[in-house]
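Peer 1: Structure here, sequence nowhere to be found:
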């Protein structure tokens, strides 16, 4: 096997190259790679000499990738996870591990994880850390590029990501205990007549609800917009507002004074949550172990 170019190269440069191409900024790449800006500039110069290409070209709007850099970026997405796996070895010892596991999830899904997983990790892998990242429109890119390890998502995931079913959930409404409907069931007419709390941060169930209402030639009357799940629940107390939310997360607030959970009055498909990850990390021992813990806390009864 002839590996002339590998013997002449510093493999540490590949990790720096991936960050530079992703950030397209020397200062941001330096911060992520824990280097000073001058040091990262020197790394970029070494990379340019190694590959015989400018890689990053300064423009009026910032740095742009060369054609060679774009090809290298695609290669690095598969190469770096495999190199990391090779260098770490095949064994993972939870008791001595110091990994940070990063999960990207919606606000309500993050609540479910926070209520279940930290205690399990503390007992099984006390040196590890858990980082929950808010869902955003680049979440699938984040797991592809290794910025997060796992996604928790209530919908289909794009190729080439791998996924595993986690749990199903249904949609319910949270009302003030003294809501105008009294003890009567929440009917379709009452649902449409009263004002609603709308979550402005991305959530998979909001679009499902609006699609179901549109099929019934109806729409919600919005009385309040809030960014977070908890704020939506608090807002219904002492008002006629209605919050439409996933049951599992809503039940965390079920014992809160002044609110109650009632069925959503329209027929709506159940939410099917999955965890998703990049195939390049499928056989990485630490992440395989972490995914197993995440699945277990949602699918197995507490011991």
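Peer 2: Okay, I see it. Just so it is clear, the structure is predicted and the values come from calculations on it, not from any experiment.
Peer 1: Off-centre distance for the biggest helix by length in the chain?
Peer 2: Longest helix of the chain, by residue count under DSSP state H: helix 67-88. Centre-to-centre, helix 67-88 and its host chain are 22 Å apart (CA atoms, centre = their mean, to the nearest Å).
Peer 1: mind checking pLDDT for residue 257?
Peer 2: Looking at residue 257, its pLDDT reads 72.
Peer 1: That one looks like it's in a strand, true?
Peer 2: No. Looking at residue 257 with DSSP: H, G, I helix; E, B strand; the rest coil, it is coil, so not inside a strand.
Peer 1: List the residues that contact the residue nearest to residue 142 when sequence neighbours are not counted.
Peer 2: Distances taken as CB to CB, 6 or more residues apart in numbering put residue 148 closest to residue 142, at 4.7 Å, once the chain neighbours are dropped. The way it works is simple: take the backbone N, C-alpha and C, and place the C-beta from them, glycine included. Shown in contact with residue 148 (CB atoms under 8 Å, 6 or more residues apart in numbering): 102-104, 133, 139, 142.
Peer 1: Tell me which of those residues fall in helices.
Peer 2: Judged by DSSP H, those include 139, 142 as members of helices.
Peer 1: Quick check: of the contacts of residue 148, which has the highest neighbour count?
Peer 2: Using other CB atoms under 10 Å as the neighbour criterion, residue 104 leads the contacts of residue 148 with 25 neighbours.
Peer 1: and stretch 69-82, average pLDDT?
Peer 2: For stretch 69-82, the mean confidence score works out to 84.
Peer 1: residues making contact with that stretch?
Peer 2: Identification of contacts with stretch 69-82 by CB under 8 Å, 6+ apart yields 14-15, 17-18, 21-22, 51, 53, 55-56, 65, 144-146, 278, 280-281, 284.
Peer 1: Now with 7 Å, please.
Peer 2: Applying CB atoms under 7 Å, 6 or more residues apart in numbering, the external contacts of stretch 69-82 come out as 14-15, 17-18, 21, 53, 55-56, 65, 144-146, 280-281, 284.
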